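> Pasting the sequence and the predicted model now:
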Amino acid sequence: WSVVTSLSFGNDDFTRSAFGLLRDTYLSPSIDLVYTPIQRLNFFANYTWELYDYRQRSRERPVAGFTAVDDPANNWTATGRDSIHTVGAGMTAVLAPKKLEFSFDYSISDAFSRLHAGGAHPTATDFPNVKSRFQQLEAIFHYHLRENVTVRVGYRFERYDESDFATTAIPGVGNIQPYM
């Protein structure tokens, strides 16, 4: 058995930006497990959690006639949080040493995003939450022609699902124009 853990973190401050992204902090712990029952076979599993907190500023510019109104009273800020959980597992088997290997793995990521609006503008409204799921399955044969040349033949399946106010109708609201 082998166990590997890691932790990534950071903080970006954009102090010279009047608008757009002002701050972004992230934290990402992960763990990987590998089990090798015999030299030619190993199994693995992993888990990663990613957390992003950010702050941004913008300005609504309504149009009066043919002129955009550029008023600082229309400024708004938003704080957001994205949380992503990823789990994966798979295996690698050496079918013919130094010639042929087979690998198989599956992973799934679930993400949830919130964006809360506020600030000077009285009509600033929280954005609807966004949820997404990404799944990936791979089955690949690796044939080593030479030490530095490998031919891979395989199958990959990917599926992405989301519940996003920008692409999905909001029950009872219909028109999403206030957010766009």
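The structure has been received and is ready for your questions.
> What ranges does this structure have for its strands?
2-13, 20-38, 41-59, 63-64, 67-68, 75-96, 100-118, 127-146, 149-163 (DSSP state E).
> mean pLDDT for those strands: which is lowest?
Ranked by mean pLDDT, the strands of the chain bottom out at strand 63-64, with a mean of 80.
> Report the strands that pair with that strand, each with its relative direction.
Sheet pairing of strand 63-64 (DSSP bridges) gives strand 67-68 (antiparallel).
> per-residue pLDDT, the residue in the chain sticking out farthest from the centre?
Here the centre of the chain is the reference, and by C-alpha atoms, centre = their mean the most remote residue is residue 65, at 40.4 Å. Confidence at residue 65, expressed as pLDDT, is 83.
> My read is that residue 35 contacts residue 42, right?
Yes: Residue 35 is within contact range of residue 42, at 6.6 Å (criterion: C-beta atoms under 8 Å). C-beta coordinates here come from the backbone N, C-alpha and C atoms, glycine included.
> Could I get the strands of the chain in a markdown table, plus columns for mean neighbour count?
Formatted as a markdown table, the strands of the chain follow (neighbours: other C-beta atoms under 10 Å):
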| stretch | mean neighbour count |
| --- | --- |
| strand 2-13 | 10 |
| strand 20-38 | 14 |
| strand 41-59 | 16 |
| strand 63-64 | 8 |
| strand 67-68 | 10 |
| strand 75-96 | 15 |
| strand 100-118 | 16 |
| strand 127-146 | 14 |
| strand 149-163 | 10 |
